[in-house]
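J.: Compute the structure for the input listed below.
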Amino acid sequence: MKKVVIGMSGGVDSSVAAWLLKEQGYEVVGVTMQIWQEEEETVQEENGGCCGLSAVEDARRVAWQLGIPYYVMNFRKEFKANVMDYFVEEYLHGRTPNPCIACNRYVKWESLLKRSLEIGADYIATGHYARIEQLPNGRYAIRKSATDTKDQTYALYNLTQEQLSHTLMPVGAYTKDQIREFAQKLDLQVAHKADSQEICFIPDHDYAKFIEENTDAKLEKGNFVDVHGNVLGRHEGITHYTVGQRKGLNLAMGHPVFVTEIRPETNEVVIGEAEDVFSDYLVCDRVNWMAVDGLHGEEMLVTAKIRYSHKGAPCRIRELEDGRVECRFLEKVRAITPGQAVVFYDGDYVVGGGTIL
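T.: Numbers count the residues shown, from 1 in each chain. Purely as a prediction, here's the structure:
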């Protein structure tokens with residue numbers, strides 16, 4: 001019997017995933033990853049996300065109901081280094097990071113998989129809405145889930161071939177409604193639990209305050225400027241802003257204006273008109289190939305997503321000599337944001353992706 005360690009967040013998706021794996025004949029072990037550094041119990045309880053105290057209690061209760069062993073593993077050190085510190089550094093450099101992507105690659109997979117293999121597991125599993133398939137070319141790729149509304153493939157583009165070969169995602173074949181129905185039939189208390197939202201380690205959503213409290217860097221106010229360098233006003237510090245932002249600028253321009261660029265070297269935030277936020281070109285680095293092992297000098301037409309909520313747009317991609325990838329969209333897209341991921345799809349399959357420069 002193959003052994004699988006499933007990451008249990010205390011939510012309905014990972015809870016039903018554990019049951020599905022058991023039904024499929026696996027020896028299932030439930031694990032909750034404790035990944036926050038230091039937090040008050042009240043914050044953990046209120047958040048109820050994937051890593052609070054309530055998550056542990058809910059996951060433990062589900063594991064008991066399903067009759068599977070359950071453990072809590074401490075990954076706080078790995079989470080701080082690979083997610084929280086990275087999040088702060090990216091904002092200080094004028095970029096807008098996606099901490100969930102970093103967490104998936106370096107904590108939920110790299111660290112959990114390593115520890116799980118050490119205790120004799122064959123696989124790890126999660127409750128993500130995505131599917132893993134081995135393609136005719138021998139490579140493993142992530143395929144979109146059965147339900148577009150919950151598809152989570154964007155945040156998983158960075159997983160390696162080794163990680164994918166040891167991963168199961170049983171929830172990807174079902175819709176959210178079907179998963180909740182399973183949970184109700186099993187009489188799981190988490191059947192109607194709300195999905196966790198936003199960034200788990202910043203429950204109040206005040207990113208700028210979190211960055212200020214977690215860096216020694218001096219965060220100073222600076223100038224809003226137009227594309228020609230004319231000063232339009234004063235900003236609160238670059239960590240308060242992201243490309244495409246319109247609200248919270250406090251600029252009396254008489255019409256809506258938008259952040260078009262952040263310049264950490266001069267501490268300037270560039271302001272422009274609505275049309276200035278659109279572009280048809282980007283370059284990305286830190287590229288991870290998935291369905292293919294590279295483009296080998298060829299161009300490829302893909303659908304590219306530039307943020308989690310983006311529906312995707314047709315795009316031609318080619319590799320540059322230094323390994324970066326150049327992307328030319330067939331039509332302009334809104335708010336290409338440095339630090340975010342661009343993920344390439346061929347139909348339902350993830351071709352690869354990288355970090356927008």
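
J.: can you pull the contacts of Arg115?
T.: Met73 (Cβ atoms under 8 Å, 6 or more residues apart in numbering). Quick note: C-beta positions are derived from backbone N, CA and C, even for glycine.

J.: part of a helix, is it?
T.: Yes. Arg115 forms part of a helix when assessed by DSSP: H, G, I helix; E, B strand; the rest coil.

J.: what's the longest helix belonging to the chain packed up against?
T.: Using DSSP state H to assign secondary structure, the helix with the most residues in the chain is helix 53-66. Packing partners of helix 53-66 (3 or more Cβ pairs under 8 Å, 6 or more residues apart in numbering; DSSP states H and E): helix 12-23, strand 27-34, helix 41-47, strand 70-74.

J.: Report the inter-axis angle for it versus strand 27-34.
T.: 170 degrees (axes from the mean of the first three to the mean of the last three Cα atoms, to 10 degrees).

J.: where does the chain have low pLDDT?
T.: Across the chain, the ranges flagged by pLDDT under 70 are 36-54, 197-198.

J.: Give me the buried positions along the longest helix of the chain.
T.: Buried positions in helix 53-66, judged by neighbour count with 16 or more other Cβ atoms under 10 Å: 53-56, 58-63, 65-66.

J.: for the residues you listed, which one is nearest Val333?
T.: Nearest to Val333, judged by Cβ to Cβ, of these is Ala55 at 35.6 Å.

J.: how near is the closest residue in space to that closest one that isn't next to it in sequence to Val190?
T.: With sequence-adjacent residues excluded and distances taken as Cβ to Cβ, 6 or more residues apart in numbering, Ala55 is closest to Gly10, at 3.6 Å. Between Gly10 and Val190 the computed distance is 7 Å (Cβ to Cβ, to the nearest Å).

J.: overlap in contacts of the two?
T.: In contact with both Gly10 and Val190: 58, 62, using Cβ under 8 Å, 6+ apart.

J.: picking up where we left off before, gap between the longest helix of the chain and the chain center?
T.: Helix 53-66 has its C-alpha centroid displaced from the chain centroid by 24 Å (Cα atoms, centre = their mean, to the nearest Å).

J.: Kindly report the same for stretch 98-113.
T.: Mean C-alpha position of stretch 98-113 versus that of the full chain (Cα atoms, centre = their mean) differs by 9 Å.

J.: just stretch 178-193 next, same as before
T.: Centroid separation between stretch 178-193 and its chain, computed with Cα atoms, centre = their mean, is 25 Å.

J.: do stretch 217-233 as well
T.: 30 Å.

J.: do stretch 326-346 as well
T.: Centroid separation for stretch 326-346 versus its chain: 16 Å, with Cα atoms, centre = their mean.

J.: what's the answer for stretch 1-14, then?
T.: 19 Å.

J.: And Ala191, how far from Tyr157?
T.: With distances taken as Cβ to Cβ, Ala191 is found 30 Å from Tyr157.

J.: if we can go back for a sec, hey, C-alpha coordinates of the longest helix of the chain in CSV?
T.: Backbone C-alpha positions of helix 53-66 (Å, rounded to 0.1, in the frame of the first residue of the first chain) are rendered in CSV as follows:
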residue,chain,number,x,y,z
LEU,A,53,-4.6,27.4,15.9
SER,A,54,-8.1,26.8,14.7
ALA,A,55,-6.7,25.1,11.6
VAL,A,56,-4.9,22.6,13.8
GLU,A,57,-8.0,21.8,15.9
ASP,A,58,-10.2,21.5,12.8
ALA,A,59,-7.7,19.3,11.0
ARG,A,60,-7.1,17.1,14.1
ARG,A,61,-10.9,16.6,14.4
VAL,A,62,-11.2,15.6,10.8
ALA,A,63,-8.3,13.2,11.0
TRP,A,64,-10.0,11.5,14.0
GLN,A,65,-13.3,11.2,12.1
LEU,A,66,-11.5,9.7,9.1
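
J.: Of Ala191 and Tyr157, which one has the most company?
T.: Taking other Cβ atoms under 10 Å, Ala191 and Tyr157 do not tie; Tyr157 has more neighbours (25 against 17).

J.: Count the neighbours of the nearest residue to Ile179 once chain neighbours are set aside for me.
T.: Distances taken as Cβ to Cβ, 6+ apart place Val16 nearest to Ile179, at 4.9 Å, with adjacent residues excluded. Neighbours of Val16 under the rule other Cβ under 10 Å: 27.

J.: Does Val16 touch Thr126 like I think?
T.: No. Applying Cβ atoms under 8 Å, one finds Val16 not in contact with Thr126, separated by 11.8 Å.
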